[in-house]
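*Asks:* Next one to model:
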Amino acid sequence: MPATPIDDATFAGLRKIDTPTITNVVATYPRDPLCLGLYNPWTENWYTDTSIRCMYPELGAVVGYAVTCVFGLPDPNFPDRLSFMNVVDALYAVRKPTILVIQQKWPAELMAKAGLVGELMATSMRSMGCVGLLSNGPSRDIDAVRKLGFQMLLGGVTAGHGEMAVQAVNVPVSVGGMDVAPGELIHMDENGAVKFPADQAETVLANARAKLVDEDKRLELLRKATTAEAIRAAFAGESYASKK
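*Replies:* Numbers count the residues shown, from 1 in each chain. Below you'll find the predicted structure:
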């Protein structure tokens, strides 16, 4: 996490911006002066893929510090060492807001059946300052969690699960094609999730705002365009523009 805490105004500003715009300034367009180029956009796992879907698009974007954990089947070689209370402790101990990132590690035949997080767990997370859950597997109680205003991006939904165990807390994880380390910032909405270093939050916000201003100007030109040449002019300087 950054030495200086991120202020509320920065978090509020980031929540007003859609996740694709955040990806645009984090890494998507490395030749764009507003892009920070924090990752190679194709070779590094810095945003989620199509295996993840948003449960509550109406909630809009959420952003928070990543707290991570791994769930799987009980292991006789690692009996009762960790529990969900260790996850609660981790959420309590760090700066707020947080997003819990759970990597689910089940046998292939169980992966689509483990409805991991329900109303009780989600309510506990929310009480600890957690604003959302990102996980590669399914969860449940979708109707009840909706009332909490708690965002969830998941691998799906299912009604039940069997015995389960916490395998690790605050370790690097991989969820939906995105690698996440504890303390990174996660920004997510109905388009998916993206990560970036917490110490870049203010710059990401400033560049994202500038990007939206630029896009608004181009959109205005595009709406008025009646010729291909006008479209080309609106895209001037962008990768969409034709190269002559």
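
*Asks:* phi, psi of Val169?
*Replies:* Val169 adopts backbone torsions of phi -130, psi 140, taken as degrees, to the nearest 10.

*Asks:* and Asp89, that one's in a helix?
*Replies:* Yes - the assignment for Asp89 is a helix, going by DSSP: H, G, I helix; E, B strand; the rest coil.

*Asks:* burial measure for it, as a count.
*Replies:* Neighbourhood size, Asp89 [other CB atoms under 10 Å]: 13. Yep, even glycine has a C-beta here, placed from its N, CA and C like the rest.

*Asks:* next SSE after the helix or strand Ile99 falls within?
*Replies:* Following DSSP states H and E, one finds Ile99 within strand 98-105. Next along the chain after strand 98-105, taking DSSP H and E as the criterion, comes helix 119-127.

*Asks:* helices or strands up against that next one?
*Replies:* Helices and strands touching helix 119-127, by 3 or more CB pairs under 8 Å, 6 or more residues apart in numbering; DSSP states H and E, are helix 84-93, helix 142-146.

*Asks:* how about a cut-off of 6 Å?
*Replies:* If you count contacts as 3 or more CB pairs under 6 Å, 6 or more residues apart in numbering; DSSP states H and E, helix 119-127 packs onto helix 142-146.

*Asks:* Need the residues that contact the helix it packs on.
*Replies:* 55-56, 119, 122, 157 (CB atoms under 6 Å, 6 or more residues apart in numbering).

*Asks:* What subset of these is buried?
*Replies:* The neighbour count (16 or more other CB atoms under 10 Å) marks 55-56, 119, 122 as buried among the contacts of helix 142-146.

*Asks:* Enumerate every residue touching Val62.
*Replies:* Val62 makes contact with 131-132, 151, according to CB under 6 Å, 6+ apart.

*Asks:* Now do Glu238 against Leu219, distance only.
*Replies:* For Glu238, the distance to Leu219 equals 12 Å [CB to CB, to the nearest Å].

*Asks:* quick revisit: so which of the contacts of Val62 sit within strands?
*Replies:* The members of the contacts of Val62 that map onto strands under DSSP state E are 131-132, 151.

*Asks:* Cool, thanks, talk later.
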